[in-house]
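J.: One predicted model, sequence on top.
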Amino acid sequence: MIKFPKPDVSQFLKTFAIGDFAVNRDESQLVFSTNLSGQYNIWAMNFPSTFPVQMTFNNQSCQGLLYDKQGRFIISGFDTDGDENTQFYALPLEGGTLKQLVNNEKVRNFFPALSKDGKKLYYSSGKGNPSYLNVYALDLESGEEEKVSEGKEAMTFLYCFSPDESSQLYYKMYANTYSLMFVRKGGEDIYITPETDEHHTVSDALFVTEDLVYLLTNYDEDFTYLASFDLKAKQFTKIKAMDKESFAMLKYDKKNHQLYLSSEKGVEDYLYKFDLSKNEMVRMQSPCSIIEKMIIADSGNLYLLGRSAIKPHNIYKFSADKWESLTQYSVPGVADEDLVAPEVVTYTSFDGLEIESLFFKAKQENDNGEIIFWPHGGPQAAERKFFRASFQFLLNHGYSIFAPNFRGSTGYGHKFTKMVEGDWGYGPRLDNVAALDWLIEQGYTEKGNILLMGGSYGGYMALLLHGRHADYFKAVVDIFGPSDLFTFIESVPEDWKPIMDLWVGNPEKDKEKLIEFSPITYLDGMTKPMLVIQGANDPRVVKEESDQIVKALKEKGRVVEYMLLEDEGHGFSKKENEIAVYQKILSFLSEYTSNKVNV
Ligand SMILES: CC(=O)N[C@@H](C)C(=O)N[C@@H](C)C(=O)O
């Protein structure tokens, strides 16, 4: 028999991803945004065939994908090379040429929604109100546009319509941990959680009838539960909570009068069905450990986008009590047994707080004894059991990866998530230091021998840990991390600015704290070799955040390499760039470890 060579490690980076999807009403077509051609485009499956057909060729990732309710066209949002200034387009069902509908240059537009007759496109936009957003209705026949709502006090989005479109649900975001929803009905705004000064969130909601809304909220609780709001009686009712789980997504199956819910519990998601007639919650088997989107068709069929630790993005269909995988994405040429699933470990932090973490241990035959310490981004997010091609690539090269869900992470209750607010650089930093000490105590590594890498808030934490605790590390990779909290606060998108005081701090009132928490304060401590990676169009952590730390370190004569990607934003959306970035990281890491590889 022919003996084939081991898979080329660059194959890990040739795994495709799916950003979004939509299904038309009669389920004859499904469209999805994927990088199958190396760059993100929209592709379709024209059922019964599941063979993917390319629909767009503009090579941009898509934000917002929906069908006209009568199935005549598709609406899609695209930005330009990661600038997040999303504009909306119509796309014919057979694909091809896009027709631009919304062109608010250099403006952020969000959440497209179509009227039932498909004549009006509603969207939330920074146009005329960059901090709090306005909602516009564009008449697709006449091209005339009217402002239907003006955001005040907080970023305000149109969320969805009632069945006869006479009322709308609006989402008002004061912070990641403080977001309310209200129904606009007959000129009145009716909040769907009881009035309180206590911060809480409404993370999803929908109309089941004109007068009945179901919602997910943590009002008066730490974890998010299912509740209802009766618009006639103005009555809020708690319906169902699950122990230490937060419901995250809610969908209504009208045909079977039931709800589908996803819930977050630490590093994985669960899937539930709630029978509205019997008030009964049943846990379902899920095809993946992380659920990213669900759509319920009129027939009651459930479509789900998700991924697992060793399985990349796929779209699944649940019909007649069976799951079917509509896409077949996997790591090309790599067997499941060559991929690494993480172990879930818990350690105790400096003040007794328990921190759950994912530990990806390189397979014995690949293990080079090196550990990469990975603080995640967000920070109000978490490292979870989702496939990352970059992790599998590094694991295959022998690097183990440790990723702690330090205080501030999601998935452990509202109080835990709030712990990072106004405390970017103390508690979370010491949770990371406790993780480093745990790794050393357990004999996995030694002080001074650890590789440090993170993106965004994780990049910020990598810089801060480097500046204040350099003795743990031998090399550091910062991927678009804020380096100075004062310049970061000033340069974020306008619609983030109202949340900055609570989230990060106020430059005047919290001046001392922001100096203490800014990595740039600790330049003298940053003595280890460093690689900085940045997308030139990143609107969240702008290029200047990386430019200034690189310049300051170079002036001090430190070893620092800088990789700038001209056509990327807050992430690497183009395969060619993604491969170049991780090849660069690999060669950088191997230069500072005993492990020499040819790349
Ligand atoms: C407002 C907010 O929480 N934004 C996050 C999703 C985000 O983009 N944070 C950056 C700083 C990151 O860490 O990714």
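T.: Arrived safely. Residues are numbered from 1 along each chain as shown.

J.: List the contacts of the closest residue to residue 318 other than its chain neighbours.
T.: Among residues not flanking residue 318 along the chain, residue 302 sits closest, at 4.1 Å (Cβ to Cβ, 6 or more residues apart in numbering). Where C-beta positions appear, they are placed from N, C-alpha and C, glycine not excepted. Residues in contact with residue 302 (Cβ atoms under 8 Å, 6 or more residues apart in numbering) are 251, 253, 260, 294, 295, 296, 317, 318, 319.

J.: mind checking pLDDT for residue 302?
T.: pLDDT for residue 302: 98.

J.: mind checking how far it is from residue 204?
T.: 16 Å (Cβ to Cβ, to the nearest Å).

J.: can you redo the contacts of residue 302 as TSV with distance to residue 423, secondary structure and neighbour count?
T.: Below are the contacts of residue 302 laid out as TSV (distance: Cβ to Cβ, whole Å; DSSP: H, G, I helix; E, B strand; the rest coil; neighbours: other Cβ atoms under 10 Å):
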residue	distance to residue 423	secondary structure	neighbour count
251	35	strand	19
253	42	strand	19
260	36	strand	22
294	34	strand	19
295	38	strand	19
296	40	strand	21
317	44	strand	21
318	42	strand	22
319	47	strand	14
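
J.: still on that earlier bit, any idea how far residue 257 is from the residue nearest to residue 318?
T.: 15 Å.

J.: Equivalent analysis for residue 399, please.
T.: Here residue 399 is placed at a distance of 50 Å from residue 257 (Cβ to Cβ).

J.: Please say which of those two ends up with more neighbours.
T.: Summary of the neighbour comparison: residue 399 and residue 257, criterion other Cβ atoms under 10 Å, with residue 399 having more neighbours (26 against 13).

J.: Next, the contact list for residue 553, please.
T.: So residue 553 contacts 523, 526, 530, 560 (Cβ under 8 Å, 6+ apart).

J.: Three-state assignment for it, please.
T.: Using DSSP: H, G, I helix; E, B strand; the rest coil, the three-state assignment for residue 553 comes out as helix.

J.: ok now do the residue nearest to residue 108 when sequence neighbours are not counted, which residues does it touch?
T.: Counting by Cβ to Cβ, 6+ apart, residue 108 lies nearest to residue 126, which is 4.6 Å off, once chain neighbours are set aside. Contacts of residue 126 were listed using Cβ under 8 Å, 6+ apart, and they are 104, 107, 108, 109, 133, 494, 495.

J.: from these, which is closest to residue 266?
T.: residue 495 (29.9 Å; Cβ to Cβ).

J.: Assess the claim that the closest one and residue 133 are in contact.
T.: Yes: Residue 495 lies in contact with residue 133 (Cβ atoms under 8 Å); the separation is 6.4 Å.

J.: Mind checking which of these two has more residues around it?
T.: Each of residue 495 and residue 133 has its neighbours counted (other Cβ under 10 Å); residue 133 has more, 29 against 21.

J.: Now that one: closest residue in space that isn't a chain neighbour?
T.: In space, residue 133 is closest to residue 151, 4.4 Å off (Cβ to Cβ, 6+ apart).

J.: Relative to residue 124, how far out is that neighbour?
T.: From residue 151 over to residue 124 the distance is 8 Å, taken as Cβ to Cβ.

J.: hey, what's in contact with both of the two?
T.: By Cβ under 8 Å, 6+ apart, the residues touching both residue 151 and residue 124 are 133, 134, 135.

J.: Surely residue 306 is within a helix?
T.: No: under the criterion used here (three-state DSSP), residue 306 is strand, not part of a helix.

J.: Tell me the bridge partners for it.
T.: For residue 306, the beta-bridge partners are residue 291, residue 314 (DSSP bridges).

J.: Just the pLDDT for it.
T.: Confidence score, pLDDT, at residue 306: 98.

J.: so which helix or strand takes in residue 540?
T.: Assigned by DSSP states H and E, residue 540 falls within no helix or strand.

J.: Apart from its neighbours in sequence, what residue is nearest it?
T.: residue 570 is the one closest to residue 540 (Cβ to Cβ, 6+ apart), at 4.7 Å.

J.: if we can go back for a sec, any idea which of the contacts of residue 126 is closest to the ligand?
T.: residue 495 (9.1 Å; Cβ to the nearest ligand atom).

J.: If we ignore the residues flanking it in sequence, what's nearest that closest one?
T.: residue 155 (5.0 Å).

J.: Return the backbone torsion pair for residue 442.
T.: phi -80, psi 0 (degrees, to the nearest 10).

J.: in the stretch 201-350 of the chain, what residue is nearest the ligand?
T.: residue 201 (12.6 Å).

J.: Can you report how many residues lie near that residue?
T.: The burial count for residue 201: 23, using other Cβ under 10 Å.

J.: what about stretch 276-296, start to end distance?
T.: Its first and final residues considered, stretch 276-296 spans 16 Å by Cα to Cα, to the nearest Å.

J.: List the buried residues for that stretch?
T.: Neighbour-count burial for stretch 276-296 flags 276, 281, 286-296 (criterion: 16 or more other Cβ atoms under 10 Å).
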